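Enquirer: With the input below, show me the fold.
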Amino acid sequence: QVRLVESGGGLVQAGGSLSLSCAASGRVFITNGMGWFRQAPGKERVFVASISWNGGSTLYADSVKGRFTIDRDKAKNTVYLQMSNLKPEDTAVYYCKLNQFSGDYWGQGTQVTVSS
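Expert: Modelled structure (predicted):
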């Protein structure tokens, strides 16, 4: 059993910043990496950012490049998403995802709301 717990969402004005974290516990043997996805109301869940666990290589959706930064703490099995210069279109539920040899695991999601 793998458990992912996200935290750090909330309400922020446009141009502001928020930091999300996602801690993994349980039978965690991260072999690939972790990432963040988001789902806006009435839309599909989409990729935001990912980080490889060993090398630390990162990938970002074009919509967040230059504004969001993903990082991880291997000792704590935790992934972070630092979001700056937030826009109303960033409003969504943000989910973290863990990918390891036993499969993919998702957190419960945390709401991020950006007011204009």
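
Enquirer: Which residues are in contact with the residue nearest the centre of the chain?
Expert: Centroid-nearest residue in the chain, with Cα atoms, centre = their mean: Trp36, separated by 2.9 Å. By Cβ atoms under 8 Å, 6 or more residues apart in numbering, the residues touching Trp36 are 20, 22, 48-50, 70, 79, 81, 94-97. Bear in mind the C-beta positions are built from the backbone N, C-alpha and C, glycine included.

Enquirer: same thing but at 10 Å, please
Expert: Contact analysis of Trp36 by Cβ atoms under 10 Å, 6 or more residues apart in numbering lists 6, 20, 22, 47-51, 60-61, 64, 68, 70, 79-81, 83, 94-97, 107.

Enquirer: Now that we have those, which of them are buried?
Expert: The neighbour-count criterion (16 or more other Cβ atoms under 10 Å) marks 6, 20, 22, 48-51, 60, 64, 68, 70, 79-81, 83, 94-97, 107 among these as buried.
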